[in-house]
Each structure stands twice: as structure tokens, then as C-alpha cells.
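Undergrad: what's the 3D shape of this:
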Amino acid sequence: MSTLHLNAEALYTDLLSGVRGLLQPDTVLVGIWSGGAWLAERLQKDLKLPGEIGVISSALHRDDFSSRGLSSADPTKLPFEIEGRPIVLVDDVLYTGRTTRAVVNELFDFGRPASVTLAVLVDRGGRELPIHPAYSAARITLPKEQKLRLARDDAGRFSFDIKEGT
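TA: Next comes the predicted model:
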């Protein structure tokens, strides 16, 4: 187990400030299932944005679909028009970029947004694709065999779990 300590609540405060700076008129938030959706839900409330957030799943567009199968993720739910809208895509942890690639493909199945801007709580490096967030609350380095996962308690407060294994 790692001794790395990340304060998810403090990082959320930084993310809130960063996302505020990314907003344009008519921007909608889309959270990547599941940690990104939790973050987007809380950002929507704290930023006092009208309407609902979108939730997007990477399951149908993953490049490792044949080995992973259909995950238990909730299906994509976009309760607004995508066409011509600025989208802020929210995720908890950015690693290889493969999930981001998959959700952008899923997003474009619903229309062509004016722009897609990525905001993440933690960028852990290790990119396999040329994907870079417009905003990340933290940048860290973890060994490849460690997995960083956002957790949320019953009160909606965030924390991180660091696990060994892929």
C-alpha cells in the first residue's frame, strides 16, 4: 500500500475554481461514469448551473471491449442537446487517455459539440494517447501497478483509494 496521501476534498475545491474558469455561455457538464459523474454532479450544484449534468459511459467505445466485455457502468444519459454546445468533460483520474478517447467517441454519437474541454481531479501521467486536460487539480506519478480510485461517502465527501494491481 502506498503512503501517498491526496486530500480529495481540497483538490475538489481547486477543480471547482478551475472549471469555473472554463465555462462559456451555454456550457454543459458531462461527467465520465462513475467518479467523473460524481464530480460533475457536485460541480453543477456548487457552480449553480441550470439544468442537469450529463453522464457518459466509455463501455461501448473502449478499445479493450473484447477482453473487458460490457461493464456494469450506467448507460450514457445526456438530458440536453449536444449539437453546437460547449462541453466540459469531467473525470476523476486521467491516466492513459483511453477512457477519454472512448467517451469522446460516445459523445459524438449524440451530435457535434462546439467544443469539448477536459477537466480532471488528478492527472497521473502515463498517457498512451495525445490527450491533455485543460485543467487538472493535481499531477502525480504512481507506479503502473497502482490504481487510484475516487470514493464518495454517504455525505457526498470525496476520498481516494490507492490499490495495488491492474
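Undergrad: Tell me what the residue nearest the centre of the chain is bridged to.
TA: Most central in the chain under Cα atoms, centre = their mean is Asp91, positioned 1.1 Å from the mean C-alpha point. Under the criterion DSSP bridges, Asp91 forms beta bridges with Val120.
Undergrad: Please list all residues in contact with it.
TA: Contacts for Asp91 were tallied using Cβ atoms under 8 Å, 6 or more residues apart in numbering; they are Gly31, Ile32, Gly35, Gly36, Leu39, Thr99, Thr100, Leu118, Ala119, Val120, Leu121. Placement of C-beta: from N, CA and C, glycine included.
Undergrad: give me every residue that touches Leu49.
TA: Leu49 touches Leu23, Thr27, Leu29, Leu43, counting by Cβ under 8 Å, 6+ apart.
Undergrad: List the residues that contact the closest residue to the second one other than its chain neighbours.
TA: It refers to Thr27. Nearest residue to Thr27 in three dimensions, chain neighbours excluded: Pro86, at 4.5 Å (Cβ to Cβ, 6 or more residues apart in numbering). Neighbour list for Pro86: Gln24, Asp26, Thr27, Val28, Pro113, Ala114, Ser115, Thr117 [criterion: Cβ under 8 Å, 6+ apart].
Undergrad: Let me see the ranges of the strands in this structure.
TA: 28-32, 54-56, 86-94, 115-123, 135-139, 146-152, 158-164 (DSSP state E).
Undergrad: Tell me which of the ones you listed sits nearest to Ser17.
TA: Proximity to Ser17, assessed across the strands of the chain by Cβ to Cβ, is greatest for strand 135-139 (8.7 Å).
Undergrad: buried residues in the closest one?
TA: The neighbour-count check on strand 135-139 (16 or more other Cβ atoms under 10 Å) flags Tyr135, Ser136, Ala137, Ala138 as buried.
Undergrad: One more: stretch 111-122?
TA: Residues of stretch 111-122 classed as buried: Pro113, Val116, Thr117, Leu118, Ala119, Val120, Leu121, Val122 (neighbour count, 16+ other Cβ under 10 Å).
Undergrad: what are the phi and psi values for the first one?
TA: In this entry, Pro113 is assigned phi and psi values of phi -70, psi 160 (degrees, to the nearest 10).
Undergrad: is it true that Thr100 touches Thr117?
TA: No. Between Thr100 and Thr117 there is no contact under Cβ atoms under 8 Å: 11.6 Å.
Undergrad: any residues in contact with both of the two?
TA: Between them, Thr100 and Thr117 share the contacting residues Leu89, judged by Cβ under 8 Å, 6+ apart.
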